[in-house]
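> what shape does this take:
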Amino acid sequence: QVQLVESGGGLVQAGGSLRLSCAASGRTLSSYAMGWFRQAPGKEREFVAGNSWSGRTTNYEDSAKGRFTISRDNAKNTVYLQMNSLKPEDTAIYYCAARTGGRIGNRSYEYDYWGQGTQVTVSS
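Purely as a prediction, here's the structure:
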């Protein structure tokens, strides 16, 4: 079992930055691919970014490319999402997720463990 806890969300003005963290316990993250998803009110949960177990391979949803960066520190068992140039449409609850096997997936059903989410609100 892997327990995931997100932190770092908050209220920020458009154009600002936030860094989300996802701390894991129970198992080492080096065995898992990690993903960040988000869900806005009335919308389905969508993939934002992911990286492989080593962190060498990353994948981003189109709107996140060039603005968001996913990274991990396996020694700290933590994954990060650096979000720059934030827009009001980035407002959502952000979730981190772990996928057994190490390969990135961009669909929520491919992930086995989820955190409780952290709210990100971007004001215009």
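> neighbours of residue 81, just the number please.
26 (other CB atoms under 10 Å). To be clear about C-beta, it is placed using only N, CA and C from the backbone, and glycine gets the same treatment.
> now residue 11
12.
> quick check: phi and psi at it.
Torsion angles at residue 11 (phi, psi; degrees, to the nearest 10) stand at phi -100, psi 130.
> which residues does residue 13 bridge with?
Counting by DSSP bridges, residue 13 is bridged to residue 123.
> what's the neighbour count on it?
10.
> pretty sure it sits against residue 123.
Yes. Residue 13 is within contact range of residue 123, at 5.4 Å (criterion: CB atoms under 8 Å).
> for the protein, what spans make up the helices?
In the chain, no helices are defined using DSSP state H.
> where does pLDDT dip in it?
Scanning the chain for pLDDT under 70 picks out no residues.
> from the centroid of it, which residue is nearest?
Central residue of the chain (CA atoms, centre = their mean): residue 36, 2.3 Å from the mean position.
> ok, now how distant is residue 34 from residue 23?
Residue 34 is 12 Å from residue 23, where distance means CB to CB, to the nearest Å.
> more neighbours: those two, which one.
Per other CB under 10 Å, whichever of residue 34 and residue 23 has more neighbours is residue 34, with 29 against 16.
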